[in-house]
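Student: predicted model, plus sequence, below.
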Amino acid sequence: MEQQPEQTINLSKEQAQKLLYQMILIRKFEEKSAEMYTKEKIRGFLHLYVGEEAVAVGVLQALSPEDNVLCTYREHGHALVRGLEPGVIMAEMYGKQEGCSGGRGGSMHLFDAKTKFYGGNAIVAGHLAMAVGLALADRKMKRDQVTCCFFGEGAMAEGAFHEAMNLAALWQVPVLFVCENNLYAMGTALRYTHAQTKLEIKGAAYGITSASVDGMDLLQVMDAANKAVQTIRETGHPYFLVCNTYRFRAHSMFDAELYREKSEVDQWKQRDPIPAFTRYLKEQQLLTDTDLHEIESRVEVEVQQAVDFAETCSFEPVEELLKYTYSEKQN
Amino acid sequence: MAGDRITYRECIKQAIREAMLADERVFMMGEDVGHYGGAFAVSKNLLQEFGPKRIMDTPLSEAGFVGAGIGAALGGMLPIVEIMTVNFSLLALDQIANNAATLLHMSGGQFNVPLVIRMSTGIGRQLAAQHSHSWEPIFAHIPGLRILSAGTHEDARYMLAPALADPDPVIIFEYTSMLNIERGLPETKTGVDISKAKVRREGRDITIITYGTGVYKALESASELAAAGIEAEVVDLRVLRPLDEETIVASVAKTSRAFIVEDASRSVSVSSEVSARIMEKCFYDLDAPVQRLCGAEVPIPYPKHLEDASVPQPAQIVTAIKKILQHDRV
C-alpha cells in the first residue's frame, strides 16, 4: 500500500487546487454535520466519511456529468463532489423540504436527478443490482454512459454482491464497481468477515477486470479510476476497483468504537489524504500557503452558509404526509 | 362473455406479446422465460419472435434480476420481470420492499420506478409447502406498490398494458391452478381499470368479496345460490393495494351482508383488512356479522385431500352463505 504515486497524472494548478478544495470541503462539511448532530439539528443515523475523501474525489473526477452514480448511506462526500449544493444536502439532513430529497430521505438517502445521483442507499449491497439495471438500460437505449456504484467491503459478504457481479459479467454491462474497503463492516474487522481478504480476487472470479489501489492516495485513486473508466468506455464491460482506505471516525454517531484501538486510528491518520496531497502540491509548486488559506476560508464560508441555509428552510406541512408514495405524473 | 375460448395461459402470453409490440422499451426477463419457454409455458416462442435482447433468460438470482429490473426502469425502460413463483419472490423481497416501493418517496418524487413484476401464485397442484401458498397479503402490506390479482381471463389478458403505463411498481399475481382453464373473453379490448375492484355479478342478498382463484369459485357458488333463491353479488377485489374501498362499501351498503373468500391463511390477510374496513364504514348497514372463508393456518400439504381442505371450496361457500341468510331470516 505504500507505493509511490503513478506519474501518469499531470495536474494543472487549477485542477490540483480544485481537487484539494473538494477534499477539504468534504472534511469540513462532515465535521460541521457532526457538530449539528450533537446540537440535535440532524437526527437519525449519520455516517461520516472522514479519512476516505480521496476515494470519492479520485473516482468521481473520472466520470462525465451524464454518467450514473449510486452510493451507500455514507454518501455526503460523493454528493458534494458530484455537484449537489452543500446547503441542499444540509437541508436534507435537517429534514427540510428544500433538501435534495425533499427532506424525505435524510443523511442516508441523498438523491438528485439533475446530477444523476441515485442515492443514498441504506441496505448493504441493495443498490448493486440496480446499478447493473441502469447500465443495462443505457446499453438498450444505446447511450454511451458508465454507471458508477460505490459500496463498502461489508457489501461483498452479501449474496446481492455476487448476484450483481455475475449479472454484470454475464450481460457485459458498463458498470464501475468501487469497493471502499475501510476495513470495518460497521464494527467487525475484515479478517472476521471475509474468508478471502484480497478482495479484488472476487471480481476476477467473475471474469471482471479488477484492480486495487491505495485509497489514501488521491493521485493513485485518480490514476486507477481514469484507467477503469477508460477501459469501460472502450469495452462496454464492467470493472471492479477496490480502494483500500480507512475512516477516522466511528461508523455512525451511535458507535462507541469498542472494536479498535485508538493507536490504530492514529497510525492511519498519519496517512490522512488531505495533508498528504497538500504536501505533494506544495512540493510540485502547485499550491502556496496563501492558496491553501484561501481554499480553507472559502470552505469555511460555504459550510457555514450551508448551515445558515438549512436553518432558514421549512418543514413540509404534515398535510403532505402521503405525498410521494405513488407518482402524480403519468409516464 | 363472447369470442373464442382461450386458456388463462394464452391470455397472459397475448398480453405480453401485445406489450412487446406496442413499445420498444418493453422487455421481459426472468428464470427460464426464454430458451425453456417459461416454467409454465407462458412465454413459449416469445424468444423466437423477439430475440434474446427482449426476452432475457436470467440466472437463478431473484434479488439480482429484480434489482436489475428496478435499475432498468429508472433508466427509462419498461421491464416486465417474471418471478417463477411467489415463493421465490421472497428472495427478492428486499429489492421489492426496500427499493421498488421506496425510491420515489426517499427521493422526494424524483425517481419513479415503472416496473412490472409478474409472479405465479396459488395452491392446487400438489406442489407442497415451498411451491404453493398465496403470499399476496405480504405484498399488499407494502406502501408504494400497486398489487393486482388476475382472478379472471379478462384480467390476465388486459391488466398488463395499464400496469406498464403506471409510473410506479406494479405486481401482478397470476394463478397456476388456472393456467389451463378455457373461457371466452369480453369484447372490450381497452384494458382494465387497475384502480378499481370489479363487480363480477350483481346481487341483492349478500356480497361475496374475493380475489384470485376465489373469483370463479364465488361465481360458481353464486349460480348455485341463485337456484336456491339467494342473489349473491360477487366483488372481485382485483386491486389488493391500494384497496378500492368505495366499491366494497357501495356493495355491502346495498346487500347488507358481507362474506369474504380468500386462499391465503386467515391471520393478517387481505380479508382481515377488508373485514375491518367494512366494520369501520358499513357497520350500521349490516344485517349480519361479516364472515370469512380463508385458507387454513398451515404450510400447504402435499396430499391432494389435505391440500383441497386447506383452501376454500365452492361447496363451503354455498353452505356458509345459506347459513348466514337463514340465520338472518329466523
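Tutor: Right, received. Where do you want to start?
Student: what's the burial count for residue 234?
Tutor: Just so you know, I chose chain A. Neighbour count of A:Glu234, defined by other Cβ atoms under 10 Å in any protein chain shown: 8. To be clear about C-beta, it is placed using only N, CA and C from the backbone, and glycine gets the same treatment.
Student: not quite, I wanted chain B
Tutor: A total of 26 residues lie near B:Val234 under the criterion other Cβ under 10 Å.
Student: which non-adjacent residue is nearest B:Phe27?
Tutor: Leaving aside its sequence neighbours, B:Phe27 sits nearest to B:Arg54 (Cβ to Cβ, 6 or more residues apart in numbering or on different chains; 4.5 Å).
Student: name the SS class of B:Glu233, please.
Tutor: B:Glu233 falls in the strand class when you classify it by DSSP: H, G, I helix; E, B strand; the rest coil.
Student: and it, what are its bridge partners?
Tutor: For B:Glu233, the beta-bridge assignment (DSSP bridges) gives partners B:Thr207.
Student: residues near it, how many?
Tutor: 23.
Student: now A:Phe117
Tutor: Using other Cβ under 10 Å, A:Phe117 has 24 other residues around it.
Student: ok, back up a step: pLDDT score for the residue nearest to B:Phe27?
Tutor: Turning to B:Arg54, the model gives it a pLDDT of 98.
Student: how about A:Gln330?
Tutor: 51.
Student: quick one: B:Asp263 is in a strand?
Tutor: Yes. Read with three-state DSSP, B:Asp263 is one of the residues of a strand.
Student: show me what contacts it?
Tutor: With contacts defined as Cβ atoms under 8 Å, 6 or more residues apart in numbering or on different chains, the neighbours of B:Asp263 are B:Gly122, B:Ile123, B:Ser134, B:Gly212, B:Thr213, B:Gly214, B:Cys294, B:Gly295, B:Val311, B:Pro312.
Student: what sits against the fifth one?
Tutor: Looking back up the chat, that one is B:Thr213. The neighbours of B:Thr213, taking Cβ under 8 Å, 6+ apart as the test, are B:Gly122, B:Ile123, B:Gly124, B:Gly151, B:Tyr175, B:Ser177, B:Met178, B:Asp263, B:Val311.
Student: switch the cut-off to 6 Å
Tutor: B:Gly122, B:Tyr175, B:Ser177, B:Asp263 (Cβ atoms under 6 Å, 6 or more residues apart in numbering or on different chains).
Student: how many other residues sit next to residue 119?
Tutor: Since no chain was named, I'll use chain A. A:Gly119 has 28 nearby residues by other Cβ under 10 Å.
Student: wrong one, I was asking about chain B
Tutor: Here the number of neighbours of B:Met119 (other Cβ under 10 Å) works out to 23.
Student: now swap in A:Asn226 and tell me
Tutor: Per other Cβ under 10 Å, the neighbour tally for A:Asn226 reads 17.
Student: what about the strands in chain B?
Tutor: Per DSSP state E, chain B carries strands over the ranges B:2-7, B:26-30, B:55-57, B:78-85, B:116-121, B:146-149, B:170-175, B:182-185, B:198-201, B:206-210, B:232-236, B:239-241, B:258-265, B:291-295.
Student: what does the stretch 1-150 of chain A give?
Tutor: A:68-71, A:117-120, A:147-152 (DSSP state E, counting those that start in this stretch).
Student: so where's chain A uncertain?
Tutor: Along chain A, segments meeting pLDDT under 70 span A:1-7, A:329-331.
Student: how about the residues of the stretch 101-250 of chain B by chain A?
Tutor: For the stretch 101-250 of chain B, the residues in contact with chain A (Cβ under 6 Å from any Cβ of the partner chain) are B:104-110, B:112, B:114, B:143-144, B:167-168.
Student: between those, which is nearest A:Tyr246?
Tutor: Each of those was scored against A:Tyr246 by Cβ to Cβ, and B:Met106 proved nearest at 28.8 Å.
Student: B:Tyr158: which of the strands of chain B is closest?
Tutor: Closest approach to B:Tyr158 among those is made by strand B:182-185 (8.4 Å; Cβ to Cβ).
Student: any idea of the mean pLDDT in that closest one?
Tutor: If you average the pLDDT over strand B:182-185, you get 94.
Student: for that strand, what is the distance to the chain centroid?
Tutor: On the basis of Cα atoms, centre = their mean, to the nearest Å, the separation between the geometric centre of strand B:182-185 and that of its chain is 18 Å.
Student: same question for it: list its buried residues.
Tutor: When burial is assessed from 16 or more other Cβ atoms under 10 Å in any protein chain shown, strand B:182-185 yields the following buried residues: B:Arg183, B:Leu185.
Student: one more: stretch B:253-272?
Tutor: Those would be B:255-266, B:269-272, for stretch B:253-272 by 16+ other Cβ under 10 Å.
Student: ok, back up a step: check the contacts of B:Thr213 for the minimum pLDDT and say which it is.
Tutor: By pLDDT, B:Gly122 ranks lowest within the contacts of B:Thr213, coming in at 89.
Student: now what about the strand or helix carrying A:Gln267, what contacts it?
Tutor: Secondary structure assigned from DSSP states H and E places A:Gln267 in helix A:262-269. Residues outside helix A:262-269 that contact it (Cβ under 6 Å, 6+ apart) are A:Tyr246, A:Phe248.
Student: neighbouring contacts of the helix or strand A:Glu311 falls within?
Tutor: According to DSSP H and E, A:Glu311 maps onto helix A:289-312. Outside of helix A:289-312, the residues that reach it under the criterion Cβ under 6 Å, 6+ apart are A:Tyr21, A:Ile24, A:Leu25, A:Lys28, A:Phe29, A:Lys32, A:Pro86, A:Gly87, A:Met90, A:Ala91, A:Tyr94.
Student: quick one: which of those residues is the most crowded by neighbours?
Tutor: Most neighbours among the contacts of helix A:289-312, by other Cβ under 10 Å: A:Met90, with 29 neighbours.
Student: ok, it - contacts?
Tutor: Contacts of A:Met90 (Cβ under 6 Å, 6+ apart): A:Ala306, A:Val307, A:Ala310.
Student: what count of nearby residues applies to the residue of the stretch 101-250 of chain B at minimum distance from chain A?
Tutor: In the stretch 101-250 of chain B, no residue comes nearer to chain A than B:Gly108, which is 2.5 Å away by Cβ to the nearest Cβ. Other residues lying near B:Gly108 total 23 when counted by other Cβ under 10 Å.
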